[in-house]
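Mind looking at a prediction? Sequence and model below.
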Amino acid sequence: MNRLEREDWVSIILEQRLQNPKRPRQLAARRKRRDGWQKEKLVILAADHPARRETGGGGDLWAMADRGELLHRIASVLMQPGIDGLLATPDLFDELFLINEWVTEKGGPDLLDGKVLIGSMNRGGLAGTAFELDDFVTAYTAEEIERMGLDGGKLLLRLDPGTRDCARTLGYCNDALNALADQGLPQFLEPLSIPRSSDEMVRLVGVATGLGRTTEGRWLKLPMTAEFDRVAQATTCPIVLLGGGKPGRTEELLKDVRRCMEAGPHVRGLMIGRGVLFPEDGEAPETVAARLAEVIHGKTAKEVV
């Protein structure tokens with residue numbers, strides 16, 4: 001597939017937004033789902049940052065602010081063998097369903113069929129605001145995740161023991177986890193402690209594991225802390241690793257992934273965003289994605305032109 005110019009992305013999306021606003025939902029209904037992914041190792045791209053007022057990546061404060069460039073990078077990563085899925089908010093999934101239709105009609109690969117698509121839910125705790133830790137659901141609901149044929153939902157649970165807002169976020173997450181369980185949907189819960197020490201993460205992982213009326217379908221998305229073995233030992237839930245806002249250069253990221261994947265059989269893969277989309281060392285996103293996929297799956301990269 002030739003590289004599309006950024007104005008092409010915008011034009012494709014704009015035409016459908018104006019003429020056929022329900023098109024993303026129609027395309028989602030036709031998507032081929034992936035069975036049995038819960039038993040597999042996973043490499044999932046995370047791209048739900050802009051909805052939480054996050055625009056930075058790779059040392060550039062505005063890296064994610066150019067929507068056309070962001071979409072192109074996401075598409076390039078999804079084309080790589082061994083990239084199993086995407087975590088995103090409704091706006092990005094709507095855009096990608098429209099782009100994917102255009103790409104496949106031109107003879108390009110299908111970016112979304114057979115992928116594990118996870119809907120991001122609580123984006124209300126906007127970065128840098130006074131209410132950042134009051135993180136309510138502003139994106140997908142459990143019901144909409146089911147209607148769109150997505151494969152699960154993701155929630156962020158940040159805990160600062162000295163901030164009362166965190167109690168409300170605990171309640172939001174509890175309600176959303178129960179709603180996902182009611183729909184029979186897998187739940188990815190991302191507990192983050194403030195400060196982000198291994199001791200605090202061990203405590204918070206216990207909270208995250210015990211939240212909600214059932215752990216059926218529960219996955220935890222955990223940061224690669226210095227003492228990750230201790231953090232992983234605090235739960236029996238399957239774990240995916242996150243890169244965070246400063247995942248380091250590519251070689252450092254790969255080293256951390258290899259180290260943390262050895263923490264136990266329940267460490268099942270990755271859900272990483274900015275370290276892939278905007279590498280600090282300027283490496284191409286598709287190259288970093290292919291290298292991470294090789295660590296998890298043993299697959300080799302395919303060049304994207």
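Received it, and whenever you're ready, just let me know what you need. All values derive from a computational prediction rather than experimental measurement.

where in the stretch 151-300 of the chain is pLDDT low?
In the predicted model, the stretch 151-300 of the chain carries pLDDT under 70 at residues 245, 247, 299-300.

all helices for it, in order.
Listed in chain order, the helices of the stretch 151-300 of the chain (DSSP state H, counting those that start in this stretch) span residues 165-182, 198-210, 228-232, 250-261, 274-277, 285-297.

For Leu70, find the nearest of the ones you listed.
Closest of the helices of the stretch 151-300 of the chain to Leu70 is helix 274-277, at 7.2 Å (criterion: Cβ to Cβ). No exception for glycine: its C-beta is placed from N, CA and C like everyone else's.

re earlier: take the helices of the stretch 151-300 of the chain and write them to JSON lines, including mean neighbour count.
As requested, the helices of the stretch 151-300 of the chain are exported to JSON lines (neighbours: other Cβ atoms under 10 Å):
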{"stretch": "helix 165-182", "mean neighbour count": "19"}
{"stretch": "helix 198-210", "mean neighbour count": "18"}
{"stretch": "helix 228-232", "mean neighbour count": "21"}
{"stretch": "helix 250-261", "mean neighbour count": "17"}
{"stretch": "helix 274-277", "mean neighbour count": "27"}
{"stretch": "helix 285-297", "mean neighbour count": "22"}
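
In CSV: these, plus distance to Glu190.
Compiled in CSV, the helices of the stretch 151-300 of the chain are given as follows (distance: least, Cβ to Cβ, whole Å):
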stretch, distance to Glu190
helix 165-182, 10
helix 198-210, 8
helix 228-232, 13
helix 250-261, 15
helix 274-277, 14
helix 285-297, 18
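
Quick one, which of those helices gets closest to Met79.
Comparing the helices of the stretch 151-300 of the chain against Met79 with Cβ to Cβ, the closest turns out to be helix 285-297 (7.0 Å).

quick one on the thing from earlier: and Met121, which of the helices of the stretch 151-300 of the chain is closest to it?
It is, among those and with distance given as Cβ to Cβ, helix 165-182, at 5.6 Å.

So which elements touch the closest one?
Secondary structure elements in contact with helix 165-182, counted by 3 or more Cβ pairs under 8 Å, 6 or more residues apart in numbering; DSSP states H and E, are helix 142-147, strand 152-159, strand 187-193.

In TSV: those, plus distance to Asp66.
TSV is the format used below for the helices and strands packed on helix 165-182 (distance: least, Cβ to Cβ, whole Å):
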stretch	distance to Asp66
helix 142-147	27
strand 152-159	24
strand 187-193	26
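
on that earlier part again, closest one to Leu14 among the helices of the stretch 151-300 of the chain?
The stretch from the helices of the stretch 151-300 of the chain with the least distance to Leu14 (Cβ to Cβ) is helix 274-277; that distance is 23.0 Å.
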